[in-house]
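Chemist: Mind looking at a prediction? Sequence and model below.
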Amino acid sequence: MAADAQGFPVTRSPAGVARSARAARDLAVLDARVSGCRACPRLVAWREEVARVKRASFRDEDYWGRPVPGLGPADARIAVVGLAPAAHGGNRTGRVFTGDRSGDWIFAALWRAGLASQPTSTHVGDGLELTGVRVAAAVRCAPPDNAPTPAERDTCSPWLARELALLPDLRVAVVLGGFGWTALWPVLAGAGYALPRPRPAFGHGVEVTVSGPRGELTLLGSYHVSQQNTFTGRLTEPMLDAVLARATELAGTGGAHQGESGPPRP
Ligand code: SF4
């Protein structure tokens, strides 16, 4: 597989994504392959344009400008699945959910749930470590208007499918928002899970358990940590904490910082 100037293996087509993801033997290999992906022309153009033009407040930073891989250990029992990186968040910092208000919310909540070593995630190398949880996005490139197309979602899905397959202890998937909820079902079907029909509708607090070759997996729905939800009060800290508390209960992990407060909210 050809590598780009930074040494990441390059994937240029939907079929290539499927092949490359399937053959990734561990998360490190998968993360490198994700980082070199160029299979969606519209998203590649957008992420690189954003990285070149930059937001004025970040003009002195080098943007990542690539697909954003997941974060967290291979023995994670919980996966958190979001939508896609933000143009000036993950697309800038190179770490999932990092560098914008959405990340402030999710990492503070993960810390309160005992799944993160610190309540903030600001940049790669800031000391953050996740325990028992892997955080990833359904689509790995920042999309215009935070809206990937169904075709882009489907092209990207083998990366998520392989990521979940490389978590042998996975028991719970916390799905942030309806986009991730929709994206996850075909991934689970492809992994051999028996899925309910009709497919359960997304909602905050919805809980669905499915069975597959590796045992049971419980999906927990949560409103996305987007500013549209957190600024309007549609999603509150107690609501998010309740979902993560249920996740840690089901997974038998976390819980170290329950009841403590995270960083101040704007
Ligand atoms: S969205 Fe996914 S499949 Fe498309 S270019 Fe980005 S990483 Fe590749």
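Modeler: Structure received. Residues are numbered from 1 along each chain as shown.

Chemist: Next up, the contacts around the nearest residue to residue 157 once chain neighbours are set aside.
Modeler: Nearest residue to residue 157 in three dimensions, chain neighbours excluded: residue 187, at 5.6 Å (CB to CB, 6 or more residues apart in numbering). Bear in mind the C-beta positions are built from the backbone N, C-alpha and C, glycine included. The contact partners of residue 187, by CB atoms under 8 Å, 6 or more residues apart in numbering, come to 157, 160, 161, 164.

Chemist: now those residues in TSV, with pLDDT, neighbour count and distance to the ligand?
Modeler: Shown next, in TSV, are the contacts of residue 187 (pLDDT from 0 to 100; neighbours: other CB atoms under 10 Å; distance: CB to the nearest ligand atom, whole Å):
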residue	pLDDT	neighbour count	distance to the ligand
157	98	21	8
160	98	25	9
161	98	20	12
164	98	22	15
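
Chemist: helix or strand for the residue nearest to residue 157, which one?
Modeler: Secondary-structure assignment from DSSP states H and E places residue 187 in helix 178-190.

Chemist: now that helix: how far from the chain's centre is it?
Modeler: In this view, helix 178-190 has its centroid 13 Å away from the chain centroid, taken as CA atoms, centre = their mean, to the nearest Å.

Chemist: neighbours around residue 76, how many?
Modeler: Other residues within reach of residue 76, judged by other CB atoms under 10 Å, total 28.

Chemist: Now do the helices in the stretch 1-150 of the chain.
Modeler: For the stretch 1-150 of the chain, helices defined by DSSP state H, counting those that start in this stretch occupy the ranges 14-22, 27-35, 41-53, 90-93, 101-112, 150-165.

Chemist: And the next helix or strand past the longest one?
Modeler: Meaning helix 150-165. strand 172-176.

Chemist: So what touches that next one?
Modeler: 77-83, 106, 164, 181, 184, 202, 217-225, 243-244, 247, 250-251.

Chemist: Count the neighbours of the nearest residue to residue 140 once chain neighbours are set aside for me.
Modeler: Nearest residue to residue 140, sequence neighbours excluded (CB to CB, 6+ apart): residue 67, at 3.7 Å. Using other CB under 10 Å as the criterion, residue 67 is surrounded by 31 other residues.

Chemist: my guess is residue 67 contacts residue 37, does it?
Modeler: Yes: under the criterion of CB atoms under 8 Å, residue 67 makes contact with residue 37 at 4.9 Å.

Chemist: shared neighbours, the two?
Modeler: Common neighbours of residue 67 and residue 37 (criterion: CB under 8 Å, 6+ apart): 140, 141, 159.

Chemist: could you dump these to a markdown table with distance to the ligand?
Modeler: Compiled in a markdown table, these are given as follows (distance: CB to the nearest ligand atom, whole Å):
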| residue | distance to the ligand |
| --- | --- |
| 140 | 4 |
| 141 | 3 |
| 159 | 6 |
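
Chemist: need those residues in CSV with neighbour count and pLDDT, can you?
Modeler: Converted to CSV, those look like this (neighbours: other CB atoms under 10 Å; pLDDT from 0 to 100):
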residue, neighbour count, pLDDT
140, 29, 98
141, 28, 98
159, 30, 98
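
Chemist: Quick check: pLDDT value at residue 253.
Modeler: For residue 253, the pLDDT comes out at 88.

Chemist: Roughly how far does it sit from residue 114?
Modeler: 8 Å (CB to CB, to the nearest Å).

Chemist: intersection of neighbour lists for those two?
Modeler: Between them, residue 253 and residue 114 have residue 131 as joint contacts when contacts are counted by CB under 8 Å, 6+ apart.
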